[in-house]
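>>> Predicted model and sequence below, questions to follow.
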Amino acid sequence: VNINQQWPVPYRRFDHRPVADSYCEAMFPFCPTGNMDGMIPYMNNWDVISVFRLQAPVWEFKYGSLLGKMHIMHDAIGFSSAERGKNYTMEWYELFQLGNCTFPHLRTETSAPFWCNQGAACFFEGIDDIHWSQNGTLEKIGEISGGQFNDMAKWVQQDNQTGIYYETWTVRSDPSPNSTLWFDSYDCSQFVHRTYRYLTQQGALLSSRSQTRFFG
Ligand SMILES: CCCCCCCCCCCCCC(=O)OC[C@@H](O)COP(=O)(O)OC[C@@H](O)CO
């Protein structure tokens with residue numbers, strides 16, 4: 001055993017996002033209403049942007065509130081520009097759906113288990129109020145300036161270029177409460193936490209009535 005082993009093993013970042021292997025097939029197009037090159041609109045520095053916490057059961061479009069009853073939730077962030085009078089949704093999720101991020105493929109022509117587990121940020125205009133509020137949460141958690149939003153947008157682009165792989169599993173040393181976290185998950189809720197953390201480090205005051213839960 002390596003006595004200098006650091007736990008949890010740090011999430012591995014890369015210097016660029018590779019083109020996904022053509023073997024990987026998406027059941028649904030990724031970020032269909034977002035800007036194709038992932039651009040995020042530039043706000044006037046003096047604009048007032050409301051920030052919303054969004055949460056809904058995973059696969060609500062297919063199974064309604066079912067997965068929500070098991071606390072399997074998808075997290076996202078909503079923005080509303082006072083000056084533009086427009087709403088936006090920002091979320092991070094799988095390019096090839098959850099199954100591909102949870103289980104690898106065994107391909108005859110490749111040696112190791114083959115993964116189709118890229119995840120990425122998606123930013124698009126509009127907030128689907130019903131989707132988020134009917135079985136989950138749509139809650140205003142604060143306001144930021146247009147300048148803070150623009151800084152966040154730059155940070156999201158960098159985060160998205162280096163944090164490429166979705167990790168469903170949280171791996172711990174044993175089932176006990178004081179077990180050692182060996183590998184943390186890297187999913188939609190982690191992105192929301194990273195973004196909240198970034199915004200508060202930039203001076204934003206965000207407060208929610210309830211915690212954004214990690215899955216697992
Ligand atoms: C077949 C796989 C079984 C896996 C069992 C383990 C479940 C672990 C669930 C973790 C989910 C954590 C939240 C997350 O990352 O959600 C992202 C994505 O799965 C949400 O998908 P969606 O279709 O509900 O929402 C995407 C939609 O908002 C796109 O606009």
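It's in.
>>> Can you pull out the low-pLDDT segments for the chain?
Residue ranges of the chain with pLDDT under 70: 1, 211-216.
>>> cutoff 90 now
Where the chain drops to pLDDT under 90, the residues are 1-5, 35-38, 109-112, 208-216.
>>> Kindly report the residues of the chain close to the ligand.
Residues of the chain lying near the ligand by CB under 6 Å from any ligand atom: 58-60, 72, 74, 91, 93-94, 98-99, 102, 168, 187-189, 215. All C-beta atoms are positioned from the backbone trio N, CA, C, and that covers glycine.
>>> Narrow the residues you listed to those that are buried.
Among these, the ones that count as buried by 16 or more other CB atoms under 10 Å are 58, 60, 72, 74, 91, 93-94, 98, 168, 187-189, 215.
>>> Mind checking which of the residues you listed land in helices?
Among these, the members found in helices (DSSP state H) are Glu60, Leu98, Cys188, Ser189.
>>> Between these, which sits nearest the ligand?
Cys188 (3.3 Å; CB to the nearest ligand atom).
>>> I'd say the closest one and Ile72 touch.
No - Cys188 is beyond contact range of Ile72, at 10.8 Å (criterion: CB atoms under 8 Å).
>>> neighbours of the closest residue to Asp128 other than its chain neighbours, just the number please.
Nearest residue to Asp128, sequence neighbours excluded (CB to CB, 6 or more residues apart in numbering): Thr89, at 7.3 Å. Using other CB atoms under 10 Å, the number of residues around Thr89 comes to 21.
>>> And the helix or strand hosting Thr89, what does it pack against?
Using DSSP states H and E, the element containing Thr89 is strand 86-94. Under the contact criterion of 3 or more CB pairs under 8 Å, 6 or more residues apart in numbering; DSSP states H and E, strand 86-94 touches strand 73-81, strand 119-125, helix 188-201.
>>> Looking at these, which is nearest to Ile144?
Of all the helices and strands packed on strand 86-94, helix 188-201 sits nearest to Ile144, with 6.2 Å by CB to CB.
>>> What segments of the protein are helices?
Shown for the chain, the helices assigned by DSSP H span residues 60-63, 66-69, 97-102, 129-134, 146-162, 188-201.
>>> For these, give me CSV that also has distance to Asp47.
Converted to CSV, the helices of the chain look like this (distance: least, CB to CB, whole Å):
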stretch, distance to Asp47
helix 60-63, 31
helix 66-69, 33
helix 97-102, 35
helix 129-134, 21
helix 146-162, 3
helix 188-201, 15
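>>> Quick check: which of those helices is nearest to Ser22?
Nearest to Ser22, of all the helices of the chain, is helix 97-102, at 13.8 Å by CB to CB.
>>> Burial check on Ser111, number of neighbours?
6.
>>> Phi and psi next, for it.
phi -80, psi -60 (degrees, to the nearest 10).
>>> so who does it touch?
By CB atoms under 8 Å, 6 or more residues apart in numbering, the contact set of Ser111 is empty.
>>> if I read this right, Leu181 contacts Arg172, doesn't it?
Yes - using CB under 8 Å, Leu181 is in contact with Arg172, at 5.7 Å.
>>> quick one: which of those two has more around it?
Set side by side, Leu181 and Arg172 show more neighbours around Arg172, with 18 against 12, by other CB under 10 Å.
>>> Cool, thanks, signing off.
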